[in-house]
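> I need the structure of the sequence given here:
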Amino acid sequence: MSAIAPRVLFDQVRSTAGWVLDGPVDPSTSFRAALADVEATERAYEDDDASLPYFRALLAAHFCTVATFVPTDVDARIRHHVFAEMDAEKLAAACDIVDEADGWDVHLVSARVIRDVSGHDGEWFSVRAGALGRALSVGATDLATRLETAIDEELSREHGVLVDLARGDPLDLLRCVTTVAHNLGDLSRVVDAWPKEAANAALRAKYTRLGHDKSGIFGDAFVRAGALNKAVMADENHRFLALRKPRGLRRSRELLLPIGPFFDDWGKTIAKSEALGEKDRAEIVTALLELHESRPEQRGCMRALAAIQDNTSRGLTAFEHLLPARTRKLLQSGPLRAELKTPREVFEARMRKRALL
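Prediction:
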């Protein structure tokens, strides 16, 4: 897999999440420093495309964009290819950078956070799992233990949040189960791709059965989370590819998409944000209607449209003159019109009931 050149990488971050790059640099925002000096990173990259400055830039780019509408496509290189080019000493130094990245403030770059659990935690699972596979391959036992401990500590933290939320608001539980299920999937996929060596068998079994094995060290909490996610939330959190087209969505942190299908507040933001003009809003409405047409069972887009309708003078008809003719017809569909009339309280009551299944 060929690496993406630093300047191209930096340009991609600036294009999709430029708003996050300007500001102070401290331990929680050192990703800004990692993406600031293009020339130095390029010099290191030219000597070694697995150089530590380049690795740090890859992590920073992924951190900044993975919860945006247009993420940089570097995760496979981080998880697999870069580590495969590192010896034990360099791998340990790379893991120091991963520890640094794990301390970056995820709230700056994601609206998909519940009780400090986010999809970024799954990204760090997968990065550490890739490093762990390499550590096992090169016989770096102390480093392997360090990585296993970090993974286990995060698993324990997420398990604790799940258990706590099971006694709280069912909507927050739904938000959490879809996030944890994603994170466990990230971990499992990378571990499953390790070389099929006998020395890895126990760890492979440990980390690929978390969402399936009720007898593991975490009991059945992860199994129940996976089942609830599959039954209620999986269809609500696909990749929303149509929302890559409206470039206005890339202008501000406030426009990031939250955990679906709870898009009422986001829809209100779309209707009122000063970062967006009438044409921008029309493009977003078009994308949401296209998503609804392609996945009519998904409720999040309809909730966003309902909120835009309620918070716009003349409702969605205000954008009809800017919508493609075919898209205008979608506004007349029966299920959409019914959903536009469904109050938020009624919708959320239905979701709370589904969470108790």
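
> isn't there a helix covering Ala199?
Yes: with DSSP: H, G, I helix; E, B strand; the rest coil as the criterion, Ala199 is located in a helix.

> Would you check that my belief about it contacting Ala135 is correct?
No: at 11.1 Å, Ala199 and Ala135 do not qualify as touching, with contact defined as C-beta atoms under 8 Å. The C-beta positions use only the backbone N, C-alpha and C, and glycine is treated the same way.

> Let me know the average pLDDT across the helix or strand where Asp142 lies.
Using DSSP states H and E, the element containing Asp142 is helix 141-165. Mean pLDDT, computed over helix 141-165, is 97.

> Determine how far it lies from the middle of the whole chain.
Helix 141-165 has its average C-alpha position 19 Å from the chain's average C-alpha position, going by C-alpha atoms, centre = their mean, to the nearest Å.

> Could you list the residues in contact with it?
Among residues not part of helix 141-165, those counted as contacts by C-beta atoms under 8 Å, 6 or more residues apart in numbering are 88, 91-92, 95, 99, 102, 114-117, 121, 124-125, 128-129, 131-132, 135-136, 172-173, 176-177, 180, 183, 187, 203, 207, 210, 218, 221-222, 225.

> So which of the residues you listed are in strands?
Helix and strand membership here follows DSSP state E; of the contacts of helix 141-165, those in strands are 114, 117.

> are any of the contacts of helix 141-165 buried, and which?
Burial by neighbour count, judged by 16 or more other C-beta atoms under 10 Å, picks out 88, 91-92, 95, 102, 114-115, 117, 121, 124-125, 128-129, 131-132, 135-136, 172-173, 176-177, 180, 183, 187, 203, 207, 210, 218, 221-222, 225 from the contacts of helix 141-165.

> which residues of the stretch 251-357 of the chain score low on pLDDT?
Flagging of the stretch 251-357 of the chain using pLDDT under 70 yields the residue ranges 357.

> Please enumerate the helices of it.
264-272, 278-294, 300-310, 325-330, 334-340, 344-355 (DSSP state H, counting those that start in this stretch).

> same check, this time on the stretch 51-200 of the chain
Using DSSP H, counting those that start in this stretch, the helices of the stretch 51-200 of the chain run over 52-65, 75-76, 82-84, 88-102, 119-138, 141-165, 170-192.

> what would those helices look like in TSV with distance to Arg281?
Written out in TSV, the entries for the helices of the stretch 51-200 of the chain read as follows (distance: least, C-beta to C-beta, whole Å):
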stretch	distance to Arg281
helix 52-65	23
helix 75-76	31
helix 82-84	41
helix 88-102	35
helix 119-138	27
helix 141-165	34
helix 170-192	26
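
> and the ones you listed, which one is worst for confidence?
The bottom spot among the helices of the stretch 51-200 of the chain, by mean pLDDT, belongs to helix 75-76, with a mean of 85.

> Need the pLDDT of Leu21.
Per-residue confidence at Leu21 stands at 95 (pLDDT).

> Please look at it and Arg32 and confirm they touch.
Yes: contact criterion C-beta under 8 Å: Leu21 and Arg32 qualify, at 5.7 Å.

> Break the chain down into its structural domains.
Domain ranges of the chain: 1-110, 112-237, 241-348, per automatic domain parsing.

> quick one, what contacts Gly267?
Taking C-beta under 8 Å, 6+ apart as the criterion, Gly267 is in contact with 303-308, 311.

> Just the buried ones among the residues you listed, please.
For the contacts of Gly267, a burial check counting by 16+ other C-beta under 10 Å picks out 303-308.

> Could you single out the nearest of those residues to Lys353?
The nearest member of the buried ones among the contacts of Gly267 to Lys353, counting by C-beta to C-beta, is Arg303 at 16.3 Å.

> Would you check how far apart that closest one and Pro335 are?
13 Å (C-beta to C-beta, to the nearest Å).

> again, but for Leu291
Counting by C-beta to C-beta, the gap between Leu291 and Pro335 amounts to 13 Å.

> ditto for Leu147
For Leu147, the distance to Pro335 equals 48 Å [C-beta to C-beta].

> of those two, who's got more company?
For Leu147 and Pro335, the more surrounded residue by other C-beta atoms under 10 Å is Leu147, and the numbers stand at 26 against 12.

> Could you pull up the residues touching the nearest residue to His62 once chain neighbours are set aside?
Among residues not flanking His62 along the chain, Val74 sits closest, at 5.5 Å (C-beta to C-beta, 6 or more residues apart in numbering). Val74 makes contacts with 4, 9, 58, 61-62, as judged by C-beta under 8 Å, 6+ apart.

> Adding neighbour count and distance to Lys353, write those out as TSV.
Output for these, formatted as TSV (neighbours: other C-beta atoms under 10 Å; distance: C-beta to C-beta, whole Å):
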residue	neighbour count	distance to Lys353
Ile4	20	46
Leu9	23	45
Leu58	26	43
Ala61	26	41
His62	24	37
